[in-house]
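[1] Fold the following, please.
(2 chains)
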Amino acid sequence: DTAVSQTPKYLVTQMGNDKSIKCEQNLGHDTMYWYKQDSKKFLKIMFSYNNKELIINETVPNRFSPKSPDKAHLNLHINSLELGDSAVYFCASSQEFAGEQFFGPGTRLTVL
Amino acid sequence: GENVEQHPSTLSVQEGDSAVIKCTYSDSASNYFPWYKQELGKRPQLIIDIRSNVGEKKDQRIAVTLNKTAKHFSLHITETQPEDSAVYFCAASKRGNKLVFGAGTILRVKS
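    You can find the predicted model right below:
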């Protein structure tokens, strides 16, 4: 009965590779988000979708592409991975936009 | 856009003492101010939030106060316990806009 789930939990890969992170929520929320948490713990929003529509797209390189096949899923695909992409990526959802965020367990991405 | 500053960046207290974390925000139209707790290796979780029509809110040992005139809000934890050790984030948003998080405060409760 996990509310927001992400896979994989850990991802170790080489520079230049392409990888995806999947997120699913079973809370019936309309809005989903991707956040990046760097080594200094700073939480920064990357994208937000509301009912499968992109509503926030922060200054994120084009190598990052979110995809929402339905309102319960928001996946993140990253092309040509760079060292600076190493971070923990959190998916989250909320009932109302910018309301209480329910975070997934995070995906620790390490780019070698 | 909104800018949220959080202080201090680290805070050490003795078990049983109180801890106070302060945040300031820049957009006077912001009206929602949540606080999240993130334990080591875990996800952030909401612990308390306040809306701009209220000046203070309490939930057992934690409380949040809001000063709209000065554009700052604070988290107060009384009778701290070792399990309160975590990173705490404040955030602010206004209707229709994203949540903007502060940089976080590492709280260490020494027993």
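
[2] Which parts of chain B are strands?
    Ranges of strands within chain B are B:4-7, B:10-14, B:19-25, B:32-38, B:45-51, B:56-59, B:62-67, B:72-77, B:86-92, B:100-101, B:105-110, based on DSSP state E.

[3] Can the helix or strand bottoming out on mean pLDDT in chain A be said to contact chain B?
    Lowest by mean pLDDT, DSSP states H and E among the helices and strands of chain A is strand A:53-57, with a mean of 86. Yes - looking at strand A:53-57 against chain B by C-beta under 8 Å from any C-beta of the partner chain, the contacts come from residue A:56. C-beta: built from backbone N, CA, C; applies to glycine.

[4] what's the next helix-or-strand element following that strand packed up against?
    Per DSSP states H and E, the first helix or strand lying C-terminal to strand A:53-57 is strand A:64-70. With contacts defined as 3 or more C-beta pairs under 8 Å, 6 or more residues apart in numbering or on different chains; DSSP states H and E, strand A:64-70 has these neighbours: strand A:43-50, strand A:53-57, strand A:73-78.

[5] what helices or strands is the shortest one leaning on?
    Spelled out, it's strand A:53-57. For strand A:53-57, the packing partners by 3+ C-beta pairs under 8 Å, 6+ apart come out as strand A:43-50, strand A:64-70.

[6] how far out from the middle of the chain is the shortest one?
    Taking C-alpha atoms, centre = their mean, to the nearest Å, one finds the center of strand A:64-70 at 9 Å from the center of the full chain.

[7] and it, which residues are buried?
    Buried residues in strand A:64-70, counted by 16 or more other C-beta atoms under 10 Å in any protein chain shown: A:64, A:66, A:68.

[8] Now for the first one: which residues touch it?
    If you count contacts by C-beta atoms under 8 Å, 6 or more residues apart in numbering or on different chains, residue A:64 has them with A:46, A:47, A:76, A:77, A:78.

[9] Same check on residue B:12?
    Counting by C-beta under 8 Å, 6+ apart, residue B:12 makes contact with B:107, B:108, B:109, B:110.

[10] dump the residue contacts of the spatially most central residue of chain A.
    Geometric centre of chain A, nearest residue: residue A:34, 3.3 Å, by C-alpha atoms, centre = their mean. Each residue near residue A:34 by C-beta under 8 Å, 6+ apart is listed here: A:23, A:45, A:46, A:47, A:48, A:66, A:74, A:76, A:89, A:90, A:91, A:92.
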